[in-house]
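Q: okay, here's the prediction I keep looking at, along with the sequence it came from:
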Amino acid sequence: MAGLAVVITAVWITVAAPGWFVDRSATAPKEVWNSQAPDFVLKDLEGGQFRLSDQRGKPVLLIFGTTWCPACREEIPRLKDIYARYAERGLVMVNINVRESQDKVTRYAGKNALPYRSLLDEKGTVSEKYGILGVPALILLDEAGMIVGGQRFIDPLLAKMFKEKKSANNLPI
């Protein structure tokens, strides 16, 4: 009986629910790259407001995800590494939780010790603005608020962005 349940589950995952799981090779739609990122305001876990346009002058990494997504959990070590390498140098990272309650997201952020800010897109309006079809979805914005890349392409873009940065005393960082 257990074997039958596994087969039924596997068939359901591959046939009935392919949109629920991320395509690990997916990229952001090319037609939105090099375009202005839509502005938004979302509440964070502490009740504060995050307005994207307030971040102008800093590169921003938007991470769209959910608490139930296995691929989102798999990305956490990579995202923590990105945060450790670039946050002190000016990168703003926000985890945008799509259509989930504050309680669930608070538990998830605590359990996974997320060092970056978690935002609540409880109605999914921001993820719809950005055309997010699967999670995790990563979107990198430059200092002018332009979408410059997403998914697996963010690592070389971040390296290039921060290679050219200078410290306050004009020394390379």
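A: Arrived safely. Residues are numbered from 1 along each chain as shown.

Q: now the one helix or strand R78 maps to: mean pLDDT?
A: In this assignment (DSSP states H and E), R78 forms part of helix 70-86. Computed over helix 70-86, the mean pLDDT rounds to 96.

Q: in it, which residues are buried?
A: Neighbour-count burial for helix 70-86 flags C72, R73, E75, I76, L79, K80, I82, Y83, Y86 (criterion: 16 or more other Cβ atoms under 10 Å). (Each C-beta comes from the backbone N, C-alpha and C, glycine too.)

Q: next up, phi/psi of the spatially most central residue of the chain, please.
A: The centre of the chain sits closest to I63, judged by Cα atoms, centre = their mean, with a distance of 0.6 Å. The phi/psi pair for I63 (degrees, to the nearest 10) reads phi -120, psi 110.

Q: how close does it sit to K163?
A: As judged by Cβ to Cβ, to the nearest Å, I63 and K163 stand 22 Å apart.

Q: just the helices in the protein please.
A: 2-11, 70-86, 102-111, 125-129, 154-163 (DSSP state H).

Q: so which of the ones you listed comes closest to D44?
A: Among these, helix 102-111 comes nearest to D44, with 9.6 Å by Cβ to Cβ.

Q: and that closest one with helix 70-86, angle?
A: For helix 102-111 against helix 70-86, the angle by axes from the mean of the first three to the mean of the last three Cα atoms, to 10 degrees is 60 degrees.

Q: what residues of helix 102-111 count as buried?
A: Across helix 102-111, burial judged by 16+ other Cβ under 10 Å covers V105, T106, Y108, A109.

Q: same thing with stretch 125-145?
A: Applying 16+ other Cβ under 10 Å to stretch 125-145 flags 126-127, 130, 132, 134-142, 145 as buried.

Q: now those residues in a markdown table, with pLDDT and distance to R56?
A: Shown next, in a markdown table, are these (pLDDT from 0 to 100; distance: Cβ to Cβ, whole Å):
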| residue | pLDDT | distance to R56 |
| --- | --- | --- |
| V126 | 97 | 17 |
| S127 | 96 | 22 |
| Y130 | 94 | 18 |
| I132 | 94 | 22 |
| G134 | 93 | 28 |
| V135 | 96 | 26 |
| P136 | 96 | 25 |
| A137 | 96 | 22 |
| L138 | 96 | 20 |
| I139 | 96 | 16 |
| L140 | 96 | 15 |
| L141 | 96 | 9 |
| D142 | 95 | 10 |
| G145 | 96 | 6 |
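
Q: most widely separated two among the buried residues of helix 102-111?
A: In those, the most distant members under the criterion Cβ to Cβ are T106 and Y108, with 7.3 Å between them.

Q: any shared contact partners between the two?
A: Residues touching both T106 and Y108 (Cβ atoms under 8 Å, 6 or more residues apart in numbering): S118.
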